[in-house]
Every structure is written in C-alpha cells, then in structure tokens.
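[1] Sequence and predicted structure, then a few things I'm wondering about:
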Amino acid sequence: MTIANHGIGYTGEDALEEYIACHIEPEGELLEALYRDTNLRLLNPRMASGHIQGRLLKMLVSMIRPQQVLEIGTFTGYASICIAQGLEPGAKLHTVEINDELEDFIRKWISKSDVRDLIELHIGDAMKIVPELGIQFDMVFMDGEKRQYPDYYGMLLDYVRPGGWILADNTLWDGHVADSGYDNDAQTIAIRRFNDIAAADPRVTVAMIPIRDGITIIRKK
C-alpha cells in the first residue's frame, strides 16, 4: 500500500500516526495533492484535517447518514471533500468560510472532486449565514474561529434537529485546555468554556476522541 507521508517523521507519536495511516482507507490522489498544495501555498497548513481525521469524518458521515450537513470553517476544503465523500445521493453539505481570500483556492479544489455537486460554499460569517439558510441540519462539523466556539454552539442547537449531531474539532487544543500555562490565552479560554458548556448541557450527550487536537461528538437529545 502506498500512502502520503505528509512530512511525518518516525519518532514517537508521529511514527504511530504513520502506522495508522498505513492501516486505514487510502487518502486518494486528489486529497493528497490538496494537502500538498495547502502546505506549499498557505500559512498554518496544519489547519487542514489530513488523512487520518479525513477518513474518520467520512466514516462518521457514512454511519450517521445525514441529508443536510453544515461545516463551519472550510479552510482549503479538505474536510469538506471528506465529508461529502460519505454522503448519500441527494444529501448536501453547506460549508462556510469567513476568509474570502481563500475562496478561489477552495473552489479550485472542490471543482476537481467527484463530490463537487454535493458541496455548496458560502463565504462570510457563519453567525449570520446559518440563520439565513433556515435549514434544520442532521450533522454539523464545527471547525471555525476558536474564540467563537461558545457562540457557535449557542446558535447551532436551534438549527440541529433532535437526534442530530455536532462534531467540534480542536477541543483539546494541543493539550492547552489542561495546561495552566495557557490560562490567559483567548483561544484556550474559549475552547475550555465551550467544553464546559457542552458537558453541562442537559439537552445533549457528549463524547470526546483524542485524535489530533481532539474531536468532541455531541448528540442532541
């Protein structure tokens, strides 16, 4: 089996990630090229989901079988394509990216994918766009501005159907959520607050997966 290394070394945790990548569904040529282009052209390329998380997202979508999906934080469209790959015919992914400078990059790569017809890109502030869509979503992948996580959550529960799902990325934030050295960091503070709010909310059930920066899986009762 041939896989993309993505610059991963062979020490400690990186070697384990390489092992995992060798034992899951292959990334595919398009996503491999997209990940490479993200690393070559953009700052903070680690924001892209990557092979392991991308295959997990596709698997979760295949299991949940949602018809209406929302993604907050498109970045370069890597996760968008992975999510769409798990969708059934007739389903739709609405993805929202606030950085308009990324629009051409995103559209170029989505247009190359065989799931392009399942993805609708919106450029702007999710806090404004989601209410305008007026859709009840079966699943949400939340990966936008970390300082807004508590606000996103407060809004999203009105637009997720009962029994629907919210997947929140980066909820361990490189371990900073459990590190007192980051008590004054605005992003860490917001993610901690989001984690506390979700854990205490009687309207939902919550699980956390320590993959990459952490994914919290929330199901609305």
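    Okay, I see it.

[2] heading toward the C-terminus, what's the first helix or strand past the biggest strand by length in the chain?
    Ranked by residue count and defined by DSSP state E, the top strand of the chain is strand 160-169. Elements were assigned by DSSP states H and E; along the chain past strand 160-169, the next helix or strand is helix 186-200.

[3] downstream neighbour of that following helix in the secondary structure list?
    Following helix 186-200 in sequence, per DSSP H and E, is strand 204-209.

[4] can you list contacts of that next one?
    Contacts to strand 204-209, defined as C-beta atoms under 8 Å, 6 or more residues apart in numbering, come from residues 56, 157, 166, 171-172, 198-199, 214-221. C-beta coordinates here come from the backbone N, C-alpha and C atoms, glycine included.

[5] Am I right that A79 is in contact with D143?
    Yes: here A79 reaches D143: they are 6.6 Å apart, a contact under C-beta atoms under 8 Å.

[6] joint contacts of the two?
    With C-beta under 8 Å, 6+ apart as the test, A79 and D143 both reach 49, 71.

[7] Where does pLDDT dip in this protein?
    The chain contains residues with pLDDT under 70 at 1-12.

[8] Contacts only, for L56.
    By C-beta under 8 Å, 6+ apart, the neighbours of L56 are 209, 211, 215.

[9] By neighbour count, which of those residues wins?
    In terms of neighbour count, I215 stands highest of those at 24 neighbours, by other C-beta atoms under 10 Å.

[10] any idea how far the residue nearest to that one when sequence neighbours are not counted is from G134?
    Spatial nearest neighbour of I215, excluding adjacent residues (C-beta to C-beta, 6 or more residues apart in numbering): I209 at 4.8 Å. I209 sits 31 Å away from G134, going by C-beta to C-beta, to the nearest Å.
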